[in-house]
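**Q** take a look and give me a structure for this.
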Amino acid sequence: MARVEDFLKDRVALAPDSTAVSDSSGAHWSYAQLDRASDDLADHLRDAGVQPNDRVLMLVENCAAAVAALHATWKTGAVIIPFNARQTEAEVARVIKHATPAVVLMTAHVSADATAHAARMNACEVTGAFGSLMLVKGASDPDEVLHDVAVLLYTTGTTGDPKGVMLKHSGIRFGGIASSNLRRMVPSDVVYGALPMSHVFGLVSVLTGACYTGTHVKIEARFSAQKLYEAAMNGVTIIPAVPQMHAMVMQYSKEQGMQRLGSPTVRYVSSGGAPLDPAWKRKAEAFYELPLQNGFGMTETSSGASATDNPIGSPDISVGPVTPGTQARIDADAPGGNGVDEGEVLVRGPHLMKGYYRNDAETAKALDANGWLHTGDLGRIDAQGRLHILGRSKELIIHGGFNVYPPEVEAALNDHPQVIQSAVVGRTKDGDEEVLAFVQVADGDRPDLVELRAFIKERLAGYKLPKHIVLTTALPAAPTGKLLKHKMIETFADQLP
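**A** Predicted coordinates for the structure are as follows:
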C-alpha cells in the first residue's frame, strides 16, 4: 500500500540535495536532510513507546521540525494529529481524552502557546537532526487498527464535542497530486507556507503537493503581511492563501505606497477556505497582476474537490469544475434545495475521509451507502460543469482559514451569569468572515463588554472570538422561541460598523 511518506522517499532517490523546507527559525533542509531528521525523530517516538496504529498529537505552529514530525510518525506506522497550538487547555484536553494519543509533541521553539502547553504538561525536550521539540507520553491503544489512516484532523463539531476526521494515506496522496498538478508545480518553484499545517489546506495542498513534486516550501510559523510581501519579492513563486491573507498584504503594500505587488517571481495565486467576493477578486487580480484562482474543498475531502483555472479578468466566481477523479452532484431535494437544480453538494472520490474517528453515528450521516459525502453546502452546477457554492446549510464560519462553529462560541457566552442567550453568525467582509455575536441580557443587568470578552477569551481560541458583540434585551425569534439567525444582522445593522 502506497503511503504519504513514500513521496519523501521518492524525492530523496531523485534529488536528495534539492531544498525541501526552510522556516522562520533558520532551518534550511534538503530532502535528504528532511529524511534524516524524520528518521531521527521516529527513533525518539519508538523509544517513547509509539507503536503502529497509535496516535501522535502535535500541538503545532508551522516549522521544519513539524514537517519532520509528520513523516516520523508515518514511519512508525502511527497516525499524526496536527492540532493548532493556539487552542485552549480545555480544547486540547477534549482531544486528548477522545484520541488517547501515545505521545504529545509541541513545537515550543516557534510558539509561545505550545511552550505554555508544554509547561503545563511537564513535557521534556527532545533534540536531534530535527532540531528541538517538547514531548510527553500519554495513553495508548495500539490494538485498534486504523487501516490506511494517516492523519486525524479535529474539529470541535457543532455541539462542541471533538470530531476527528480520518484522512487516508491514499486520499492525502490523491489530494497532494491534484494540488501539484493544478498549480503546475515544478522543483524550481518556491511555495509560501503560512497556511497552518493543522488545517487540511496547508497540510495537503501545500506540504504534500510540494513533497510530491520536489518543491521548496518556505514555512512561516505565523502569517504577517510584511513577511509575505518580503517573500514574494525574494523568490516565492506560488502563494496559496485565504482571502484575509491577500487583503492584509494588499493593505500593507498600500501603506508602503504601492498599489501593485510587482513581484519578479510570483506566478500563481490562489484563494480558498472562505467565500470569494467578485469585487474583491477583481481588486486582488489588479494587485497581483495575475489571475486569482478559487476552489472548494473541506477537511472531509482531503482538501480540494474543485478548482478554477481561469485567465486574469475572468468574471467566473464559481469554484470551478471538479478535480480529475472527483465526482459531484446536487441533491435538490435536500433541506435548502429548490427541488430543481439547487441543493446540497454531494462529492465522491478516492480522497474522501474514512470517517469520523470513534463516531459511527456522525460518519453514517455524512457518508451514504453509495459513497457520497453530504457536504452540508448548498450549490448548483452550471452548463459548463462549474460548481457554484450558494451558501451553507450548516452554520460553520470560516475565519482566517480556521473553522468556527457558532454553538461553541454561543456556549462560551451563555456560561456568563448575565447572559440569557446568544446567537453567533458570520459576516463576509474584506474577503474573510467575521464572527458576530448577538447577546440577550436582562434589562438593568447589562454586563461590561470588556469583562465579557475577558470571560470568553479564557474559553475560546483567539480566532473564535467575536469581532463584534451586540448586547440587547431581545433577539428576533420565531413563535416557537427559536432564534432567527438570518435576521440578526438586519435587525441590529445600526449597531454594527
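
**Q** ok, now how distant is Y288 from G400?
**A** Applying CB to CB, to the nearest Å, one obtains 20 Å for the distance of Y288 from G400. For the C-beta atoms, the positions are set from N, CA and C on the backbone; glycine is no exception.

**Q** more neighbours, those two?
**A** Between Y288 and G400, counted using other CB atoms under 10 Å, the more crowded position is Y288 (23 against 18).

**Q** surely that one and Y268 touch.
**A** No. If you go by CB atoms under 8 Å, Y288 and Y268 don't touch, sitting 9.7 Å apart.

**Q** G297 contacts V200, doesn't it?
**A** Yes. Contact status for G297 versus V200: in contact at 7.2 Å, counting by CB under 8 Å.

**Q** which neighbours do the two share?
**A** Between them, G297 and V200 share the neighbouring residues S303, with contact defined by CB atoms under 8 Å, 6 or more residues apart in numbering.

**Q** who does the host helix or strand of V435 pair up with?
**A** Element membership for V435, per DSSP states H and E: strand 432-441. Paired neighbours of strand 432-441 in the sheet (DSSP bridges): strand 419-429 (antiparallel), strand 468-472 (parallel).

**Q** need these in a markdown table (columns: mean pLDDT).
**A** Listed next are these as a markdown table, based on pLDDT from 0 to 100:
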| stretch | mean pLDDT |
| --- | --- |
| strand 419-429 | 89 |
| strand 468-472 | 96 |
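
**Q** want to throw the ones you listed into JSON lines with distance to S30?
**A** Shown next, in JSON lines, are the strands paired with strand 432-441 (distance: least, CB to CB, whole Å):
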{"stretch": "strand 419-429", "distance to S30": "42"}
{"stretch": "strand 468-472", "distance to S30": "47"}
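
**Q** okay if I get those strands as TSV plus mean neighbour count?
**A** Output for the strands paired with strand 432-441, formatted as TSV (neighbours: other CB atoms under 10 Å):
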stretch	mean neighbour count
strand 419-429	19
strand 468-472	18
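
**Q** which of those sits closest to V60?
**A** strand 419-429 (25.5 Å; CB to CB).

**Q** excluding chain neighbours, what is closest to E300?
**A** Excluding its sequence neighbours, the residue lying closest to E300 (CB to CB, 6 or more residues apart in numbering) is M353, at 4.5 Å.

**Q** burial count for that neighbour?
**A** The tally of other residues near M353 (other CB under 10 Å) stands at 26.

**Q** and if you look at N338?
**A** In terms of burial, N338 registers 13 neighbours under the definition other CB under 10 Å.

**Q** same question for the one 3 residues further on.
**A** Taking other CB under 10 Å as the criterion, the count of residues near D341 is 12.

**Q** just to be sure, it is in a helix?
**A** No. Secondary structure of D341, determined by DSSP: H, G, I helix; E, B strand; the rest coil: coil, with no helix assignment.

**Q** gap between it and L390?
**A** If you go by CB to CB, the gap between D341 and L390 works out to 11 Å.

**Q** what's the answer for K429, then?
**A** Computed with CB to CB, the distance linking K429 and L390 is 19 Å.

**Q** and N359, by the same measure?
**A** If you measure N359 against L390 using CB to CB, the figure is 28 Å.

**Q** ok, the two, which is more surrounded?
**A** Between N359 and L390, counting by other CB under 10 Å, N359 is the more crowded of the two (19 against 14).

**Q** where does the stretch 101-250 of the chain dip in pLDDT?
**A** Segments of the stretch 101-250 of the chain classed as low confidence (criterion: pLDDT under 70) are 142-143, 156-160, 244.

**Q** at the geometric centre of the protein, which residue sits there?
**A** If you average the C-alpha coordinates of the chain and look for the closest C-alpha using CA atoms, centre = their mean, you land on H199, 2.7 Å from that point.

**Q** that one and F402 touch, don't they?
**A** Yes. Counting by CB under 8 Å, H199 touches F402, with 6.8 Å between them.

**Q** for those two, list the residues in contact with both.
**A** Both H199 and F402 are in contact with N84, where contact means CB under 8 Å, 6+ apart.

**Q** which single helix of the protein contains the most residues?
**A** When the chain is scanned for its longest helix (criterion: DSSP state H), the result is helix 31-47.

**Q** what number of residues lie near E408?
**A** For E408, the number of neighbouring residues by other CB under 10 Å comes to 22.

**Q** where does it fall, phi/psi-wise?
**A** Backbone geometry at E408, expressed as degrees, to the nearest 10, gives phi -70, psi -40.

**Q** ok, it to G49 distance?
**A** For E408, the distance to G49 equals 33 Å [CB to CB].

**Q** next one: A69
**A** Shown here: A69 relative to G49, a distance of 16 Å by CB to CB.

**Q** neighbour-wise, which of those two wins?
**A** Comparing A69 with G49 by neighbour count (other CB under 10 Å), the higher total belongs to A69, at 29 against 13.

**Q** okay, that one: pLDDT?
**A** What the model reports for A69 is a pLDDT of 98.

**Q** where does it land in three-state SS?
**A** Under three-state DSSP, A69 falls in the helix class.

**Q** could I get the contacting residues of it?
**A** Shown in contact with A69 (CB under 8 Å, 6+ apart): 38, 41, 56, 58, 60, 80, 105, 130, 133.

**Q** tell me the SS of the residue of the chain most remote from its centre?
**A** Ranked by distance from the centre of the chain (CA atoms, centre = their mean), the top residue is G444, with 41.5 Å. Using three-state DSSP, the secondary structure recorded for G444 is coil.

**Q** okay, now the sheet partners of whichever helix or strand T127 is part of, with direction.
**A** In this structure, T127 is located in strand 124-128 according to DSSP H and E. In the sheet, strand 124-128 lines up against strand 131-137 (antiparallel) (DSSP bridges).

**Q** the helix or strand encompassing L153 packs against which elements?
**A** Assigning secondary structure by DSSP H and E places L153 in strand 149-155. Based on contacts counted as 3 or more CB pairs under 8 Å, 6 or more residues apart in numbering; DSSP states H and E, the elements that strand 149-155 packs against are strand 79-84, helix 89-99, strand 163-168, helix 169-183.

**Q** starting at the chain centroid, how far to that strand?
**A** Its chain's average C-alpha position is 12 Å from that of strand 149-155, according to CA atoms, centre = their mean, to the nearest Å.

**Q** find the nearest non-adjacent residue to L352, please.
**A** L373 (5.3 Å).

**Q** any idea how far S180 is from that neighbour?
**A** Summarising the geometry, the distance separating L373 from S180, computed by CB to CB, is 23 Å.

**Q** mean confidence score for stretch 446-457?
**A** Per-residue pLDDT values across stretch 446-457 average out to 94.
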